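> Provide a 3D model corresponding to the input given below.
(one chain, ligands or ions: 3)
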Amino acid sequence: MAILDRITSPRDLRDLSEAELATLAAEIRDLLIRTVATNTGHLGPNLGVVELTLAIHRVFDSPRDRVVFDTGHQSYVHKLVTGRAPEFGTLRREGGISGYPSQAESDHDIVENSHASTALSYADGIAKAYAIRGEDRHVVAVIGDGALTGGMAWEALNNIAIARDSRLVIVVNDNGRSYTPTIGGLATALAGLRTNPRYEQVLDMVRKRVNAVPAVGPTAYDALHAVKKGLKDALAPQGLFEDLGLKYVGPVDGHDRHAMEQALAQAKRFGGPVIVHAITRKGFGYDPAERHEADQFHAPGPFDVQTGLEKPKGLIWTDHFAEHIVRIGERRHDIVGMTAAMMHPVGLDKFQARFPERTFDVGIAEQHAATSAAGLAIGGLHPVFAVYATFLNRAFDQVLMDVALHKCGVTFVLDRSGVTGDDGASHNGMWDMSILQVVPGLRLAAPRDVTRMRELLDEAVEVSDAPTVVRFPKGPPPEDIDAIDRIGGVDVLVRKGSKDVLVVAVGSMAGTGVEVADRLTAQGIGVTVVDPRWVKPVDPALIDLARDHRLVVTIEDNGVIGGVGAVLLQTLSAAHVDTPVRVHGIPQEFLDHAKRNVILERIGLSAQSIAFDVLHEIASADPSKATSTVDDRTLLDVDGTH
Ligand SMILES: Cc1ncc(C[n+]2csc(CCOP(=O)(O)OP(=O)(O)O)c2C)c(N)n1
Ligand SMILES: CC(=O)[C@@H](O)[C@H](O)COP(=O)(O)O
Ligand SMILES: [Mg+2]
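Ligands and ions are numbered 1, 2, ... in the order given. Reported below is the predicted structural model:
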C-alpha cells in the first residue's frame, strides 16, 4: 500500500519514519507528474515544494494553525496531505478538485484567489486576530520570490515587521523564478543571500557537527544560529528582511525536509513574525521540468511522462498578437512592450528578442506597470502593456487616475479575457469591459478574429491622447468572419429579412451571433448581426441601427453588469430609443472551474440558448410569429450541433 494512501490528515505525517517520508515524497512527485501530464496544471511549482510542504505540515498543526499559499498554484502537495489524495485525479476537471485552494474542499484551505502577492496581507490579518483573541495558533504564509515582487507583499511586510504579537511564519519559497528568472533589486538581494558559497559551506559544517550531538543538537543549533546569523552578516549582506526589523532564518535548503523542519521549529519558537528563507528548484525531481528552459514546466499543457515532451498545440490568439506586435515595433520605434512577469504567456517574447531595449518585465507588479506606462507615454513613447485581463483589475486606479486622467497614450492588451475556465473564478477575465467603462476617454476594442485583432491593434497604437484597450480570449481564434458592410465603425456580419432583431455580437461572441441568426432566420425572423469592433465609446451607428429594429440582443464574453450591453441599453435610453434590449453575458458570479466551452454553454452563452430566448420573446410579443419551436428548444437546432 502506498504511504500516501495512509495519509488522511497532516497529523499522520508525524508517525512516519525518515525512510517512509522519503518514500512519500517520491510517491507524491510521481502522482504530481502523472496527474498534470493529463489534466494540465502547475507542475514545476508543486514539484518544488514537496519537502517544504511536508515540513510545514509536520511542524505545524493545520487547520488549527493556518497555512496560506500565495497565488495558490503550488498547493497540490498541501491538498495531497490534507486528505484529498484519493480524488487528486479529478484535478482541474469539472466538479473535481480545484487547481488552487478551495474552502469548499477543505478546512485546511484559505485563499482561493489566484492573484499573486496577497498571502502576507491575509496572514497579517489572521495572525493579528488570533493575537487579539488570545488564541495560541500560528499562521504560516508560503510566498514565492516572484510574488514577493508584488507591491502588496511589501505593504504587508511593513506592517508585519511591527506586529510583535503575531505568531506568523513567512516561508519565502525562493526558486529564483516567476515563469522566467525573477527580476529586479529584490531578486538580486535574495540571490545575494542564497548564493554565498562560503556561507553555505560553513552552515553545512555547523549543522552537521551540532546536529550530530544527541539530545543537545537542535537546541545547540538554535544557539549557534545566533552565531550563524553573525556569521552570515559577516559572509552575506544584511538581509533586506532584517533591515525591516523582521527576524530571519535561512537560507535553508528547501528540499532538505529535515533542515526545513528544524528551521520551521526554530521559527515557531520565536513566537513573533519571522521569515524562513527556503531555497528550492522549480520542477525539482523531474528532469524534463528542471531542464525546461522557458519556465521549468510552470503550467505545461498535456505532456508525455517518459519524455517530458508536450503534446503539440495549435496557435492561440496570443501567438498572433506576438507576431503582430513585432511588426508594429518594426515600424514604430516609440513602441515599448511591458509585462508583469509573464513575457511568454502574454506573447511579448518575440518582441523582446527583437527589441530587448524596448521591452520591460516589471515583475508581478501590474499597478507599477500601468503607472510606469503612463510615465513612458509622458516621456514620449507608446507603451503596450500586455497582461491577462483579470490581473489588470488590481491596477484599475492606475489606469483611471495615472493613465486616463493625464490622457496618456498607453495600449493595454488584455489576453485571457472572458471565461478562461480551468483556473477558476479568479482567473476569468470577465470584469474588464465593466470596470473600464467608467474610465473617461478610454477606448476599448474587442476583435472578433485575428484579422480584426491586427486592424484594431494598429488603430489602438495610433491613439496618443488616451488609453486604448484590445481584449481577446484564451485559446485558439476562430476562422475570420468577414463583414458584408460597415456602418460608421460597426461591421455588419449578417443582414437577412426584415428588421426584427439586431444582434450586437461583441468580439469573440461574433461567431455565436452569426449562429443565432441562422437559427432565427430558419424560423422566419429577420436578423441583422453587427460587430461594433470598438465597444467604448458606443458607436452612434448602433443607436440608429437599434432604432430601426424591434429588438436588440447583445452578446458579450464579460459580466452582464456594467458591460457592453448594459452601457448600450443606457445609451439608447438617453437617446430616447425605445427598442427593448436583451443583454446576454456572464452572470455576475464567481464561476467554478471547468472548460471554457462547458461554462459558456452552462451560462447560456450559446447560440441555441440565445436563439430560444429571442424566439420566446418575439412569440410572446407577437403570437403570429410563434412557431412550434417555441416550446421545444431542440427544434431550433439548425446545424445539429447540440
Ligand atoms: C497579480 C498576478 N499577476 C500574474 C499572475 C500570474 N502568475 C501566476 S504564478 C506566477 C509566478 C509566481 O512566481 P512565484 O511567486 O515565484 O511562485 P513559483 O511559481 O516560483 O512557485 C505568475 C506571474 C498572478 N497569478 N497574479
Ligand atoms: C497561476 C497563474 O496565474 C497562471 O500561471 C495561470 O495558470 C495562467 O494560465 P494560462 O496561461 O494557462 O491561461
Ligand atoms: Mg518563484
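> CA only for contacts and neighbour counts going forward, please
Noted.
> if I read this right, Ala395 contacts Gln367, doesn't it?
Yes - when contacts are counted by C-alpha atoms under 8 Å, Ala395 is listed as touching Gln367 (4.4 Å).
> Between the two, point out the one with more neighbours.
The neighbour comparison of Ala395 against Gln367 (other C-alpha atoms under 10 Å) goes to Gln367, with 24 against 17.
> how near is that one to Met401?
According to C-alpha to C-alpha, to the nearest Å, Gln367 stands 12 Å off from Met401.
> Next: Asp12.
Distance from Asp12 to Met401, by C-alpha to C-alpha: 53 Å.
> Report the closest residue of the stretch 151-300 of the chain relative to ligand 3.
Using C-alpha to the ion, the closest approach of the stretch 151-300 of the chain to ligand 3 is made by Arg177 at 4.0 Å.
> Now for that residue: which residues touch it?
Taking C-alpha atoms under 8 Å, 6 or more residues apart in numbering as the contact definition, Arg177 lies against 145-146, 282.
> Then Glu155?
Ser121.
> helix or strand for it, which one?
Counting by DSSP states H and E, the element that carries Glu155 is helix 151-160.
> next helix or strand past that helix?
Taking DSSP H and E, what comes next after helix 151-160 is strand 168-174.
> so where's the stretch 101-250 of the chain shaky on pLDDT?
Where the stretch 101-250 of the chain drops to pLDDT under 70, the residues are 194-239.
> Ligand 1 versus the residue lying closest to Val490 once chain neighbours are set aside, what's the distance?
With C-alpha to C-alpha, 6 or more residues apart in numbering as the measure, Pro532 is the residue that lies nearest to Val490, at 4.5 Å, once sequence neighbours are left out. As judged by C-alpha to the nearest ligand atom, to the nearest Å, Pro532 and ligand 1 stand 30 Å apart.
> What's the nearest residue in the chain when you look at ligand 2?
Closest contact between the chain and ligand 2, by C-alpha to the nearest ligand atom, is at His73 (5.2 Å).
> Pull the contacting residues for that residue.
So His73 contacts 42, 45-46, 99-100, 114 (C-alpha under 8 Å, 6+ apart).
> Next up, identify which helix or strand it is on.
Here His73 is assigned to no helix or strand, by DSSP H and E.
> How about Ile555?
Per DSSP H and E, Ile555 falls inside strand 551-559.
> and if you look at Arg582?
Using DSSP H and E, Arg582 falls in strand 581-586.
> Ala340 touches Val387, doesn't it?
Yes - contact criterion C-alpha under 8 Å: Ala340 and Val387 qualify, at 7.0 Å.
> Tell me the residues of this structure that contact ligand 2?
By the rule C-alpha under 6 Å from any ligand atom, the part of the chain lying against ligand 2 is 73, 114, 299, 345.
> Just name the closest of those to Met430, please.
Ser114 (14.8 Å; C-alpha to C-alpha).
> Can you give me the neighbour number for the closest one?
Residues lying near Ser114 (other C-alpha under 10 Å) number 21.
> what's near enough to touch it?
By C-alpha under 8 Å, 6+ apart, Ser114 lies in contact with 70-73, 100, 426-427.
> before we move on, back to that, got a list of what the residue nearest to Val490 touches?
489-491, 504-506, 539, 542.
> Flag the helix or strand of the protein with the lowest per-element mean pLDDT.
Least confident helix or strand of the chain, by mean pLDDT, DSSP states H and E, is helix 217-235 with a mean of 53.
> After that helix, which helix or strand is next?
Downstream of helix 217-235, the first helix or strand assigned by DSSP H and E is helix 240-243.
> List the buried residues of that following helix.
For helix 240-243, the neighbour count (16 or more other C-alpha atoms under 10 Å) marks Phe241 as buried.
> who does it touch, helix- and strand-wise?
Using 3 or more C-alpha pairs under 8 Å, 6 or more residues apart in numbering; DSSP states H and E as the contact test, the elements touching helix 240-243 are strand 247-253.
> does any part of the helix or strand hosting Val413 sit near ligand 1?
Secondary structure from DSSP H and E places Val413 in strand 411-415. No - judged by C-alpha under 6 Å from any ligand atom, strand 411-415 stays clear of ligand 1, getting no closer than 11.9 Å.
> what's the answer for stretch 49-68, then?
No - if you take C-alpha under 6 Å from any ligand atom as the test, stretch 49-68 misses ligand 1, and the best it gets is 7.9 Å.
> Give me the neighbour count for Arg133.
Residue neighbour count, defined by other C-alpha under 10 Å, stands at 9 for Arg133.
> Kindly apply the preceding question to Gly283 instead.
By other C-alpha under 10 Å, neighbour count at Gly283 equals 27.
> Spit out the contact partners of it.
Neighbours of Gly283 in contact, by C-alpha under 8 Å, 6+ apart: 43-48, 289-290, 296-297.
> If we check ligand 1, which of those are in contact?
By C-alpha under 6 Å from any ligand atom, the members of the contacts of Gly283 lying near ligand 1 are Pro45.
> Can you tell me which of the contacts of Gly283 are buried?
Buried subset of those (neighbour count, 16+ other C-alpha under 10 Å): 43-48, 289-290, 296-297.
> Find the pair from those with maximum spatial separation.
Asn46 and Glu290 (12.2 Å).
> joint contacts of those two?
With C-alpha under 8 Å, 6+ apart, Asn46 and Glu290 have common neighbours 282-283.
> now, among the contacts of Ser114, which is nearest to Thr23?
Closest to Thr23, out of all of the contacts of Ser114 and judged by C-alpha to C-alpha, is His73, at 23.7 Å.
> Next, find the distance separating that closest one from Leu54.
17 Å.
> With Pro537 instead?
53 Å.
> Of these two, give the one with the bigger neighbour count.
Legend: neighbour count by other C-alpha under 10 Å for Pro537 and Leu54, higher for Leu54 (23 against 16).
> pretty sure the more buried one is touching His258, no?
No - here Leu54 does not reach His258: they are 9.8 Å apart, not a contact under C-alpha under 8 Å.
> Between all of the contacts of Ser114, which two are separated the most?
Greatest spatial distance among the contacts of Ser114 (C-alpha to C-alpha): Asp70 and His427, at 14.5 Å.
> the more surrounded of the two?
Between Asp70 and His427, counted using other C-alpha under 10 Å, the more crowded position is Asp70 (29 against 24).
> How about the contacts made by the more buried one?
By C-alpha under 8 Å, 6+ apart, the contact set of Asp70 is 111, 114, 116-120, 141-144, 147.
> Let's have those residues in JSON lines, adding secondary structure.
Listed next are these as JSON lines, based on DSSP: H, G, I helix; E, B strand; the rest coil:
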{"residue": "Val111", "secondary structure": "coil"}
{"residue": "Ser114", "secondary structure": "coil"}
{"residue": "Ala116", "secondary structure": "coil"}
{"residue": "Ser117", "secondary structure": "coil"}
{"residue": "Thr118", "secondary structure": "coil"}
{"residue": "Ala119", "secondary structure": "helix"}
{"residue": "Leu120", "secondary structure": "helix"}
{"residue": "Ala141", "secondary structure": "strand"}
{"residue": "Val142", "secondary structure": "strand"}
{"residue": "Ile143", "secondary structure": "strand"}
{"residue": "Gly144", "secondary structure": "strand"}
{"residue": "Ala147", "secondary structure": "helix"}
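> can you narrow the residues you listed to ones near ligand 1?
Contacts with ligand 1 within those, counted by C-alpha under 6 Å from any ligand atom: 114, 116, 144, 147.
> now the closest residue to the first one other than its chain neighbours: how far from ligand 3?
Ranked by C-alpha to C-alpha, 6+ apart and with sequence neighbours excluded, the top spatial neighbour of Ser114 is Thr71, at 4.3 Å. Noted for Thr71: a distance of 11 Å to ligand 3, by C-alpha to the ion, to the nearest Å.
> any idea how far the residue in the stretch 151-300 of the chain that ligand 1 sits nearest to is from Ala574?
Closest to ligand 1 within the stretch 151-300 of the chain is Ser178: 3.4 Å, counting by C-alpha to the nearest ligand atom. Note on Ser178: its distance to Ala574, by C-alpha to C-alpha, is 48 Å.
> Who has more neighbours out of the two?
Ser178 (25 against 10).
> Make sure that one is actually in contact with Ala341.
Yes - proximity of Ser178 to Ala341 meets the contact threshold set by C-alpha under 8 Å, at 6.5 Å.
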